[in-house]
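A.B. asks: predicted model and sequence follow; I will ask about them next.
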Amino acid sequence: MGEVIVVTGASAGLGRAIVERFARDGSTIALIARGRERLESALRSVETLGGRALVLPLDVANADEVEQAAETVERELGPIDVWINNAMVSVYSPIKEMPADEFRRVTEVTYLGYVHGTLSALKRMLPRNRGIIIQVGSALAHRSIPLQSAYCASKHAILGFHESLLSELIHDGSRVRTTMVQMPAMNTPQFYWAKSRLPFKTQPVPPIFQPEVGAEAVHHAVRVNVGREFLVGWPTVEAVMGEKVVPGYIDRKLGHGYAGEETTVPADPDRPDNLWGPAPGAYGAHGPFDDRAKTFSSELWLAKRTPWLAFAGAMLVGAALGARARSNR
């Protein structure tokens, strides 16, 4: 296909899986992340899979750098058809132990990075009256968990920003469309390099999915207008419905245990992290949990083929959570 796609956070993790999924379509992809070495590795993957790529090392927290990258993409590759905001950083820490500059940094990358990308995309898409903006979200955009307060707050902020943008596009009668794709826990390299004050190594809250599951969801949301939000995996559906139906029950459940965010392996306090700059290492899409990660989501399969059935399943999940909360009072 002749489309031009921009992906932030493209060098590793879910972003890398998204890049590789679109490369199989023969897409032309602009790769944005901070570390040139992993971006060059992603470029080689794209070319091997049949696509074409442009490497753009930058920090999405810098609005000027994002805007300059968008100018470069349109000059060298052509008009941007799809912009996928995905870059993120996180810190595992109790709120009481986390300094203000770390909250600011997570917010600048994980929330404002999406704002910067969206502004650059809109600047080009609105005059042409076409284009797609994908906000890669999380179940945590609806339901926060302990120990990742800055990341959860950023995902909540993205959802609020996304809803405002939706309403404004409707008001303007624009044919530019946007979707927020809400992800479950995924096996990505962030668990090698996310800054952490916890005594044990961190892990995704089970059940865990491979990043290719999320990449397939993003690909579907580009190819098919799935609406304002696309929920990926039953755990995401459960989190979203649970927050609507029994938020107090979930508060208490999370408050009496940290929901499997740590392994039993002691953490290395001296390991490098990626909060202020890219962490070293030749990482790809996957993290350290291949032996535990699911390669298939029945909910995603249903949502792609029979959305009404997936919606009915979500209603059942909500009813079950309500019954569970009542029985635990």
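C.D. replies: Thanks, I have it.

A.B. asks: OK, contacts around the closest residue in space to V73 that isn't next to it in sequence?
C.D. replies: Counting by C-beta to C-beta, 6 or more residues apart in numbering, V73 lies nearest to A30, which is 4.5 Å off, once chain neighbours are set aside. All C-beta atoms are positioned from the backbone trio N, CA, C, and that covers glycine. By C-beta atoms under 8 Å, 6 or more residues apart in numbering, the contact list for A30 reads V4, I5, V6, V7, A53, L54, L56, A69, T72, V73, L77, I80.

A.B. asks: make a PyMOL selection of the buried ones in these.
C.D. replies: In PyMOL, a selection of the buried entries from the contacts of A30 looks like this (16 or more other C-beta atoms under 10 Å):
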select buried, resi 4+5+6+7+53+54+56+69+73+77+80
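
A.B. asks: so what sits opposite the residue nearest to V73 in the bridge?
C.D. replies: Applying DSSP bridges to A30 yields these beta-bridge partners: V6, L54.

A.B. asks: just the contacts of A30 now: which is nearest G137?
C.D. replies: Proximity of the contacts of A30 to G137 was ranked by C-beta to C-beta; the top entry is V7 with 15.1 Å.

A.B. asks: show the contacting residues for the closest one.
C.D. replies: Neighbouring residues of V7 by C-beta under 8 Å, 6+ apart: G15, I18, V19, F22, I29, A30, L31, I32, I84, N86.

A.B. asks: again, 10 Å this time
C.D. replies: Counting by C-beta atoms under 10 Å, 6 or more residues apart in numbering, V7 touches 14-16, 18-19, 22, 27, 29-33, 42, 53, 82-87, 117, 134, 136, 218.

A.B. asks: these in strands, which ones?
C.D. replies: Of the contacts of V7, the ones assigned to strands by DSSP state E are I29, A30, L31, I32, A33, A53, V82, W83, I84, N85, I134, V136.

A.B. asks: determine which two of those are furthest apart.
C.D. replies: Top of the distance list for the ones in strands among the contacts of V7 (C-beta to C-beta): A53 and V136, 18.7 Å.

A.B. asks: wait, isn't S297 in contact with E216?
C.D. replies: Yes - with contact defined as C-beta atoms under 10 Å, S297 reaches E216; the gap is 8.5 Å.

A.B. asks: neighbour-wise, which of the ones in strands among the contacts of V7 leads?
C.D. replies: Neighbour counts for the ones in strands among the contacts of V7 (other C-beta atoms under 10 Å) peak at I32, which has 32 neighbours.

A.B. asks: please report phi then psi for the nearest residue to it once chain neighbours are set aside.
C.D. replies: Distance criterion C-beta to C-beta, 6+ apart; nearest residue to I32, sequence neighbours excluded, is T8 at 4.5 Å. T8 has phi and psi values of phi -90, psi 150 when expressed as degrees, to the nearest 10.

A.B. asks: ditto for S164
C.D. replies: Torsion angles, degrees, to the nearest 10, at S164: phi -60, psi -40.

A.B. asks: now, which of the contacts of A30 sits nearest W193?
C.D. replies: Of all these, V7 has the smallest distance to W193: 19.1 Å, by C-beta to C-beta.
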